[in-house]
Every structure is written in C-alpha cells, then in structure tokens.
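Chemist: quick check, what structure comes out for this input:
(one chain, ligands or ions: 1)
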Amino acid sequence: MKLLHIDSSITGAASASRKLSAAIVARFRAEYPDLDVTYRDLVSEPLPHVTLAQLPSSHPLSQRDVSASEAEQRESDSTLAQFLAADVVVIGAPTYNFTVSSQLKAWIDRILVPGQTFSYTAQGVQGLARGKRVIVAVTSGADAPPAALEHVETYLRGVFAFIGVQAEFVVAQGLATARSEESLKHAANAANTFSVAAVA
Ligand SMILES: Cc1cc2nc3c(=O)[nH]c(=O)nc-3n(C[C@H](O)[C@H](O)[C@H](O)COP(=O)(O)O)c2cc1C
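Modeler: The predicted structure is shown next:
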C-alpha cells in the first residue's frame with residue numbers, strides 16, 4: 001500500500017499540523033509494516049505558483065504554452081503521479097488567513113487536472129480519483145471562524161469531493177487560545193484512534 005504524506009506548515013518542529021499528520025501516518029505504519037511512504041514537505045521544497053508552463057503536461061491548457069519546458073513540467077508531472085499512485089494521502093493543513101497555505105494551494109493546482117482526476121461529462125463533473133483515502137489534519141489559532149471565513153475544511157472537503165474522494169478530517173482549533181492544550185490533546189487522540197482501513 002502506498003501512502004503520500006504532505007506537510008504544509010511554516011512553523012517547523014513547533015507545528016501542530018505536522019505533529020498530527022505524523023501521528024496519523026505512524027498509525028498506518030504500525031498497521032501495515034510494508035507501507036510505502038512518500039513524504040513531501042511543501043515548505044522546504046515548495047512548488048512555485050502555477051503557470052501555464054508549469055501545469056502538468058497532461059493538463060489540456062498546458063499544451064497551449066509553447067514556451068513550456070520539459071523541466072518545468074516534470075515536477076508537476078511527478079507531483080500528479082505521486083498523488084495518483086497513492087492509496088492513502090495524509091495532509092497537514094494549517095490555517096493561514098482563513099484558508100490553506102499557499103504552498104498547499106500550489107500542490108492542489110497540480111492535482112486537479114481534467115482527464116486525470118476529474119472530467120466534465122454530460123451528467124456533470126465526474127471524479128476520477130475514487131478509491132483513495134485522504135485524511136487531513138487541520139489546525140487553526142482561533143476557535144471556529146464564522147462560516148463566511150471558513151475556507152480550510154470546507155474548501156478541502158470540496159476539492160477532494162470534486163475528484164471523487166470523501167476526505168476525512170482531524171481538527172485542532174483554538175491553538176492560540178487558552179484552550180490550546182486541551183484542543184491539541186483532543187485532536188491527537190482523534191489522530192491516534194483513526195481507522196487505518198486502507199479505503200473507507
Ligand atoms: C501567516 C499566518 C496566518 C494565520 N491566519 C490564521 C487565521 O486566519 N485563522 C486562524 O484561526 N489562525 C491563523 N493562524 C494561526 C495558525 O493557524 C496556527 O498557528 C496553527 O497552529 C498553524 O498550524 P501549525 O501549528 O501546523 O503551523 C495564522 C498563522 C500564521 C503564521
């Protein structure tokens with residue numbers, strides 16, 4: 001079984017989302033000794049903002065940029081291939097200014113590709129990435145934001161549903177408040193008791 005582990009927090013060793021994503025991955029490792037884990041730190045090795053030239057080569061729009069070089073596309077192609085190959089994807093997703101980090105957004109820009117992870121049909125959008133588990137550890141400094149500003153869990157739930165995956169979430173809110181410790185403990189407990197069945 002292949003697991004892709006993604007982190008996207010800028011706070012290094014102090015990061016709560018990194019701790020939670022690592023705890024979830026550790027559970028899978030314990031259950032599946034032969035687990036093939038690929039780790040991707042989007043902060044130490046960031047993907048650039050997407051451009052036409054940097055879209056995966058399989059993206060219909062990338063064909064329109066005659067200046068697209070192989071080297072620029074190679075990283076996007078391997079990012080998409082890593083995602084497609086994974087049975088389980090575990091993502092650490094901190095809240096930055098009400099949404100995901102720009103590093104994580106740049107990764108998402110490589111994996112939502114028509115013909116690869118979704119297609120438009122006469123019946124509407126069809127997700128092509130079915131059969132994976134995607135588990136996201138979301139962290140935020142504040143307690144639950146007003147609905148109009150909640151663009152992490154809702155956004156990621158929508159992104160993965162669009163490609164056919166019902167994402168699962170472990171959430172630690174209020175990490176900059178007095179209940180930080182309690183919140184993190186609760187989330188760590190959720191991460192440590194997560195179902196590690198290959199596909200839900
Ligand atoms: C640039 C920046 C922007 C942030 N914006 C928000 C925000 O909009 N809402 C919120 O609740 N917390 C916000 N925070 C706090 C983080 O979500 C919080 O520190 C969380 O623990 C980050 O996850 P991490 O511990 O994995 O880095 C922000 C932190 C940073 C550094």
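Chemist: by mean pLDDT, flag the weakest helix or strand of the protein.
Modeler: In the chain, the helix or strand scored least confidently by mean pLDDT, DSSP states H and E is helix 70-85, which has a mean of 90.
Chemist: mind checking the SS state of the residue positioned nearest the centre of the chain?
Modeler: For the chain, the residue nearest the mean C-alpha position is I91 (4.3 Å; Cα atoms, centre = their mean). Assigned with DSSP: H, G, I helix; E, B strand; the rest coil, I91 falls in the strand class.
Chemist: and it, how far is that from Q103?
Modeler: 11 Å (Cβ to Cβ, to the nearest Å). Every C-beta, even on glycine, is put in place using the N, C-alpha and C of the backbone.
Chemist: now for these two: what residues contact both?
Modeler: Contact criterion Cβ atoms under 8 Å, 6 or more residues apart in numbering; residues shared by I91 and Q103: S8.
Chemist: other SSEs contacting the strand or helix carrying I6?
Modeler: Using DSSP states H and E, I6 sits in strand 2-7. Using 3 or more Cβ pairs under 8 Å, 6 or more residues apart in numbering; DSSP states H and E, the elements in contact with strand 2-7 are helix 16-31, strand 36-41, helix 70-85, strand 88-94.
Chemist: which of these sits most buried?
Modeler: strand 88-94 (a mean of 26; mean count of other Cβ atoms under 10 Å).
Chemist: output that one in CSV with nothing but the alpha carbons.
Modeler: Extracted C-alpha coordinates of strand 88-94, given in CSV (Å, rounded to 0.1, in the frame of the first residue of the first chain):
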residue,chain,number,x,y,z
VAL,A,88,-3.8,6.9,1.2
VAL,A,89,-2.9,10.6,1.3
VAL,A,90,-2.3,12.3,4.7
ILE,A,91,-2.1,16.1,4.7
GLY,A,92,-1.1,18.6,7.4
ALA,A,93,-3.1,21.8,6.7
PRO,A,94,-2.6,24.8,8.9
